[in-house]
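A.B. asks: only geometry, no sequence info:
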């Protein structure tokens, strides 16, 4: 018994197993004896450890439990007097021994009778060839649910569940062969859910870090070059000013020194600082390494052997096809339901005074709290905890929000300029002058009557706030702002790449791109099986364009159909506006009739907003489905295709109503007596006398603010909480009554994280910001306050996303990335498109160009007096078509013979009455000329900004060059040291040979002994 207890101690066992010879064989034989007597072998061989944290103190005996005193009653008594066993493994953050850290969790569902303790299962081996599995794989995993003897009652046969069990068994055995250490826990607070804890030992971490070419800090440190002179003084002053808004985290402090980084190599471990091996690889890196092993570890053997007769043969053949995993690992097992989830653990809790301090708690206090909305983000700590890809997203969002500050200030100035010059605007004063007595033609057939232009005074005055000369300047400014922002982000991205040791990252990135997806491998497997059935060659099977043609055709038809649906909805809203305006015109209340435009516009925009929000969710799901049926080969390809489809559909959905108001409304209405009709019933609506710019501003502001408030904020807060509440209700319904006492105990970390929402990627986060970027840049000429509202939204959005990542989501697997990918190209395209759209908005939607043409070509005194009358044409009411004249022609109290409408046409007394006049062509030529000049000038200025600002900051370029030089010097010194040692050894060897040739009986004191083998090398 003493020998058993001695071997049970991991340290003693490790010392014995490190000595080759009969001792090891003795231990292996003793290990077999222990297994036969239901005692687990030590941790160093089979990953067995001490009893589970929750298991200690329980009277229920579980497989793998070790009685320290040999008797169950003594063991229970000792555990009841010991400290809290959950604290030993830090509530699930460590294995049961309290020493090995949990790096990853696999979750699976298992069936058991409700209200009973876990049933034991017999170990089943299905390897046809002996020795194909090592003894390590044959052993059950330590923890709850491990196999014991066959005395326990067996569950009813479930072929699919048994198939999943066999696949898990094989996969976990392969993980053990890969060097990982596993531990199982099925006795959890979540009924029917089991957990497999994974730990990567030091040797595995070193091996995988070398394979992945992870850059790790070396012992060598060097000083970062600092600015000098005036720049240093300005930097110091700026640092003192911004100190109150800096986060209080160690990673955010300015550094004067930096460790030289080099891809990890086991042969060059002496270069790295390995004083503390536990912290050399942080939790983010450890989980990344384990995930890479999980992805490439395969399960390939068909083990299903249950069933009887013909049904057994058919099921077995079908399941054999489904069960083959090919070349993929955890991704296919998750897709097929073998495992229900896989995720790394959070570092611990984030709330509570007694919570041990960790990075997650620090992020919650200094980043994910609304109390610190005014502070900079701790980007380095975000990268340390979540990885480079998520760190780059928040760095980009922070840079974008920072750049919105100057844009917001200029937009406010432009808006205030419009307010200050409102009383001096001559065209709006003329429209409000009731002495002009200008009678306008009806806005609809029959039900609408003639109206006075002065009734549109409020709209005309308000439109000047956004339709003034400063708007043109602001459009040019925003185009240059977009170019400057893109250059600023490129420079910041390069700075982050340097600080995060991502320079020279392309090799790994290409390797990640080539990793096939589970769905792709499954389709390839199906294709190979079909070829096998027809006796064709199956070597190098891959999907071709012929295999994907049905998916491509479905994508094309579906996207065209979705765009057509969007256009149809916009057309429906147009018909609603026309019919509602006609209905309100028949109202007897003067106040209702005077506010027809405002009422119709506001209600139509709200309808558009609701439809946009609903279709956004639908289009997101459709884009994902369309991408799935294409079966892209790699995750990179899948993500790029999904982004393209989702952006195309959501772009059309969000901006189609705005494009209609900006470029189509009032353009194709015809003229009195010859109007254009939709479906021969609905007359096309017209713009107000002051133009459509004010209506465009209302449309843009409501849709932008509504999307940000409802979709980006309320949905992000409400939907995760609703999903969490639904999961809680489901779990509560599934729990048996005897679990209530069990539930009072504190949950393990992996159980708490399992109840969190899975991470779904960064595409939704980027998408909402890209759509907002379009609102800020594309139609900024009509809404100068758009950058201000975007800034206010983003201040909340940063903390909202941060809180979601820290508290609501499972910890995502850290992914290395050196840029934001395809999103940069989309941003660049939107920036260039914004120049063109703003040019057309200024020239065609606003009255800026007609005012310039009138001022320099038609004004008699060089002022804007008479401009309104110049833009109005005359119509003789006797020329109305039958059935289109107003029902009440005397509504104004007098008979109208001539009414006015906004257009450049010949008067009714002209020879070519109602034809387009020369003024129309003069204004059109000026508009087109402005578009060409504005577009080329702004594009040139944007390209000039791109050329002037270098992509890589000069100091970063110097530091990268300095690192290369220092690395070369380090290796040169190492080689020189080796050469000196070799020369010294050779010299001593020569001296020894010379001494032997001279028959010297004694060797010199400094010469090496006969057993010397050059250990210094």
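C.D. replies: The structure has been received and is ready for your questions. From a predicted model like this one, the values you see are computed outputs, not experimental measurements.
A.B. asks: Please name the nearest non-neighbouring residue to the residue nearest the centre of the chain.
C.D. replies: Nearest residue to the geometric centre of the chain (Cα atoms, centre = their mean): residue 762, 0.7 Å. Leaving aside its chain neighbours, residue 762 sits nearest to residue 393 (5.3 Å; criterion: Cβ to Cβ, 6 or more residues apart in numbering). From N, CA and C alone the C-beta is placed, and that goes for glycine too.
A.B. asks: The one you found: which element?
C.D. replies: Residue 393 is part of helix 388-420, with elements assigned from DSSP states H and E.
A.B. asks: Show me what the helix or strand just after that helix is packed up against.
C.D. replies: Downstream of helix 388-420, the next assigned helix or strand under DSSP H and E is helix 426-432. Here helix 426-432 is seen to pack against helix 457-463, helix 867-871 when contacts are counted using 3 or more Cβ pairs under 8 Å, 6 or more residues apart in numbering; DSSP states H and E.
A.B. asks: Out of those, which one sits most buried?
C.D. replies: Most buried of the helices and strands packed on helix 426-432, by mean neighbour count (mean count of other Cβ atoms under 10 Å): helix 457-463, with a mean of 20.
A.B. asks: Just give the nearest non-adjacent residue to residue 586, would you?
C.D. replies: Of all residues not flanking residue 586 in the chain, residue 447 sits nearest, at 4.9 Å (Cβ to Cβ, 6+ apart).
A.B. asks: Now do the buried residues in stretch 408-416.
C.D. replies: Of the residues in stretch 408-416, 408, 410, 411, 414, 415 count as buried by neighbour count, 16 or more other Cβ atoms under 10 Å.
A.B. asks: what residues does stretch 685-699 touch?
C.D. replies: Under the criterion Cβ atoms under 8 Å, 6 or more residues apart in numbering, residues 427-428, 431, 440, 443, 453, 456, 459-460, 462-463, 466-467, 574, 577-578, 581, 597, 601-602, 605, 608, 657-658, 661-662, 665-666, 669, 779, 782-783, 841, 845-847, 868, 872, 901-902 lie in contact with stretch 685-699.
A.B. asks: Walk me through the domains of this structure.
C.D. replies: Following the TED database, one gets these domains for the chain: 92-111+160-214+268-302+325-345, 376-498+531-734+750-948, 953-991.
A.B. asks: what's the model's confidence in the longest one, averaged?
C.D. replies: Confidence for domain 376-498+531-734+750-948, expressed as mean pLDDT, is 86.
A.B. asks: and the closest residue to residue 469 other than its chain neighbours, how many residues sit next to it?
C.D. replies: Ranked by Cβ to Cβ, 6+ apart and with sequence neighbours excluded, the top spatial neighbour of residue 469 is residue 848, at 7.4 Å. Here the number of neighbours of residue 848 (other Cβ atoms under 10 Å) works out to 22.
A.B. asks: Report the contact partners of residue 848.
C.D. replies: Taking Cβ under 8 Å, 6+ apart as the definition, contacts of residue 848 comprise 467, 469, 471, 472, 842.
A.B. asks: Now which of the residues you listed would you call buried?
C.D. replies: The buried subset of the contacts of residue 848 (16+ other Cβ under 10 Å) comprises 467, 471, 472, 842.
A.B. asks: quick one: the strands in the stretch 251-400 of the chain?
C.D. replies: Defined through DSSP state E, counting those that start in this stretch, the strands belonging to the stretch 251-400 of the chain, from first to last, are 257-263, 341-343.
A.B. asks: no, scratch that, I was asking about the chain
C.D. replies: Using DSSP state E, the strands found in the chain span residues 104-109, 181-185, 193-199, 215-223, 257-263, 341-343, 439-440, 451-452, 670-671, 674-675, 677-678, 682-683, 872-876, 898-902.
A.B. asks: For the longest one, give the mean pLDDT please.
C.D. replies: I take that to be strand 215-223. Averaged across strand 215-223, the pLDDT comes to 84.
A.B. asks: Would you indicate which residues of it are buried?
C.D. replies: When neighbours are counted by 16+ other Cβ under 10 Å, the buried residues of strand 215-223 are found to be 215, 216, 217, 218, 220.
A.B. asks: need these in TSV with distance to residue 943, can you?
C.D. replies: Written out in TSV, the entries for the buried residues of strand 215-223 read as follows (distance: Cβ to Cβ, whole Å):
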residue	distance to residue 943
215	35
216	41
217	40
218	42
220	42
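A.B. asks: of all the residues you listed, which comes closest to residue 558?
C.D. replies: Of all the buried residues of strand 215-223, residue 558 sits closest to residue 215, with 43.5 Å by Cβ to Cβ.
A.B. asks: Distance check, that closest one against residue 818.
C.D. replies: Distance from residue 215 to residue 818, counting by Cβ to Cβ, to the nearest Å: 12 Å.
A.B. asks: Okay, now the unreliable bits of the stretch 201-350 of the chain?
C.D. replies: Across the stretch 201-350 of the chain, the stretches falling below the confidence threshold (pLDDT under 70) are 226-228, 251-252, 254, 300-328.
A.B. asks: where do the helices sit along it?
C.D. replies: Taking DSSP state H, counting those that start in this stretch to define them, one finds helices in the stretch 201-350 of the chain at 202-211, 230-242, 277-280, 283-296, 309-323, 330-335.
A.B. asks: between the ones you listed, which gets nearest to residue 859?
C.D. replies: Of all the helices of the stretch 201-350 of the chain, it is helix 230-242 that lies closest to residue 859, at 50.4 Å by Cβ to Cβ.
A.B. asks: could you list every residue that touches residue 443?
C.D. replies: For residue 443, the residues meeting the contact criterion (Cβ under 8 Å, 6+ apart) are 451, 581, 585, 596, 685, 686.
A.B. asks: And these, which two are furthest apart?
C.D. replies: Greatest spatial distance in the contacts of residue 443: 451 and 685, 14.9 Å, computed using Cβ to Cβ.
A.B. asks: Residue 387 and residue 516, how far apart?
C.D. replies: 22 Å.
A.B. asks: which of those two has more neighbours?
C.D. replies: Taking neighbours as other Cβ under 10 Å, residue 387 and residue 516 compare with residue 387 leading, 21 against 17.
A.B. asks: And residue 376, how far from residue 253?
C.D. replies: Using Cβ to Cβ, one gets 12 Å for the distance from residue 376 to residue 253.
A.B. asks: Would you mind telling me which of these two has the busier surroundings?
C.D. replies: Ranked by neighbour count (other Cβ under 10 Å), residue 376 and residue 253 place residue 376 first, with 15 against 10.
A.B. asks: show me the residues around that one that make contact.
C.D. replies: The neighbourhood of residue 376, defined by Cβ under 8 Å, 6+ apart, consists of 242, 245, 246, 247, 252, 398.
A.B. asks: Of these - the most surrounded one?
C.D. replies: Most crowded among the contacts of residue 376, counting by other Cβ under 10 Å, is residue 247 at 20 neighbours.
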